[in-house]
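Trainee: take a look and give me a structure for this.
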Amino acid sequence: MSLDKIYEKVVDRNPGEKEFHQAVEEVLDTIRPVMEKHPEFVEAGVVERLVEPERQIIFRVPWVDDQGVVHVNRGFRVQFNSAIGPYKGGIRFHPSVYIGIIKFLGFEQIFKNALTGLAMGGGKGGSDFDPKGKSDDEVMRFCQSFMNELFRHIHPDTDVPAGDIGVGGREIGYMYGQYRKLKNRFEGVFTGKSPEWGGSLVRPEATGFGLVYFTHEMLKKENMDLNGKEVLVSGSGNVAQNALKKCNELGAKVVTLSDSTGVIYDPDGISGNKVDYIEELKNIRRGRIKEYAEEYDVEYVDGGNPWAFDGDIALPSATQNEILEDDAHKLVDNGVFAVGEGANMPSTPEAIKIFQQNDILFAPAKAANAGGVSVSGLEMAQNSQRMSWSFEEVDEKLKRIMKNIYRTSYETSKKYGDEGNLVLGANVAGFMKVAKAMLDQGVI
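Mentor: Numbering: from 1, shown residues only. I've put the predicted structure just below:
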């Protein structure tokens, strides 16, 4: 079956799941030269199998709020592909979550995990539950109810979830505690755990740090670095905060952060005590970014995003499809010459075309935000050995993995005739590893 026919079948079988369609279309568009060189993949129906999850689980999550009112949310786990290892991918709690979002994220995770070089398949999970505004007790009761179903489907050698948007250390702790109670086992079934009970150092920092390490490698190829560059960062959660820290460490100046309500622009740079303020605001008080603007008397745009401001480098680190075609034009017009994706699929296909047409250095999410799952894989290894590594050891391993992902993506793009196109390079390199494993294991 041709790739076009496969895509048409995906759309017909999965109506209304636009994010999933988008993710599949991008991959299929870039692997056309691979399929021409490898007819064995066509004969074995590798792509037809790859775009269909191995398992999709949807379940009810009832919970009781502090006023005694019963609520019912929907839970999901999509176990997409396990050809190279146990399913690995985060859990997202956000009102926008539905099966199409989870399938898009799980599909992307297949290739991202393959790029790390670690033995991890692709999966994703979540719920349309919104933790914002909920008390700790309400979040705990929800997480326990969520795990009452999910525990049946996960295991250190089967499926190892982690966190994502709306799921941080608090939520992972509550879910893991319920898993331990239900299974009567202490085992490495979650990553992103606290270091006191099996977590890895650097895991909270890993996605943001990895994004900056990858972007640094991309700049280095062009005889540039981050020192002295102005950086536009979107979001203000875990990825954005740690990208901010690593940018500061490497001499860059981050001038924007945002949340769902608006964006702040600080021309002096967000550094020093301002970083501590952001962490306290977002991680402890769970406040809005507008409060930063009031505290430091800087510009705030209600409902705005960072892409209208001048800068050298953009690091979208909030959510999917946050850079639209018009935003991409603004970034080009405002002097941005490099974009590194910290979130999952933050740029629309139209935006990516604008970047490529204008020779913007572009680091796609599959490669650039693989730092989080890389350290998750390292956490799994530490759990298997019943040991832990120092911050410096893990950070060095992360840096080496991100460097290897860049090199693999770049060399693959060169091999397939579009040198420097890291979208093609990352997709093809990840696909080749998974496709070969599927071929070796037969039609199952």
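
Trainee: pull out the buried positions in the helix or strand harbouring K220.
Mentor: Using DSSP states H and E, K220 maps to helix 206-221. Buried residues in helix 206-221, counted by 16 or more other Cβ atoms under 10 Å: 206-219. All C-beta spots, glycine's among them, are computed from the backbone N, C-alpha and C.

Trainee: show me which strand runs longest in the chain.
Mentor: strand 70-81 (DSSP state E).

Trainee: which other helices and strands does it contact?
Mentor: strand 55-64, strand 87-93, helix 99-115, strand 121-127, helix 136-150, strand 159-162 (3 or more Cβ pairs under 8 Å, 6 or more residues apart in numbering; DSSP states H and E).

Trainee: buried residues, it. List them.
Mentor: Of the residues in strand 70-81, those buried (16+ other Cβ under 10 Å) are N73, G75, F76, R77, V78, Q79, F80, N81.

Trainee: my read is that the second one contacts W63, right?
Mentor: No. Applying Cβ atoms under 8 Å as the test, G75 and W63 come out as separate, 10.8 Å apart.

Trainee: now do the helix or strand containing V423: distance to the chain's middle.
Mentor: Assigned by DSSP H and E, V423 belongs to helix 422-441. Mean-position distance between helix 422-441 and its chain equals 19 Å (Cα atoms, centre = their mean, to the nearest Å).

Trainee: repeat for stretch 189-203
Mentor: 18 Å.

Trainee: what mean pLDDT does it have?
Mentor: Mean pLDDT, stretch 189-203: 96.

Trainee: first-to-last residue distance for that stretch?
Mentor: 15 Å (Cα to Cα, to the nearest Å).

Trainee: neighbouring contacts of that stretch?
Mentor: 90, 154-156, 160-163, 168-169, 172-173, 175-176, 179, 186, 188, 204, 209, 372, 375-376, 378-380, 382-383, 388-391, 394-395, 398 (Cβ atoms under 8 Å, 6 or more residues apart in numbering).

Trainee: go with 7 Å
Mentor: 154-156, 160-163, 169, 172-173, 175-176, 179, 188, 375-376, 378-380, 382-383, 388, 390-391, 394-395, 398 (Cβ atoms under 7 Å, 6 or more residues apart in numbering).

Trainee: and I284, what are its phi and psi?
Mentor: phi -110, psi -60 (degrees, to the nearest 10).

Trainee: count the residues that sit near the residue nearest to E40 when sequence neighbours are not counted.
Mentor: Sequence neighbours aside, L439 is the residue nearest to E40 in space, at 6.4 Å (criterion: Cβ to Cβ, 6 or more residues apart in numbering). Neighbours of L439 under the rule other Cβ atoms under 10 Å: 16.

Trainee: L439 reaches G45, doesn't it?
Mentor: No. Counting by Cβ atoms under 7 Å, L439 sits too far from G45 to count as a contact (10.3 Å).

Trainee: please name the nearest non-neighbouring residue to K183.
Mentor: F151 (6.2 Å).

Trainee: and for the nearest residue in space to G269 that is not next to it in sequence, the neighbour number?
Mentor: Using Cβ to Cβ, 6+ apart and skipping the chain neighbours, the partner closest in space to G269 is K253 (3.9 Å). Neighbour count for K253, taken as other Cβ under 10 Å: 20.
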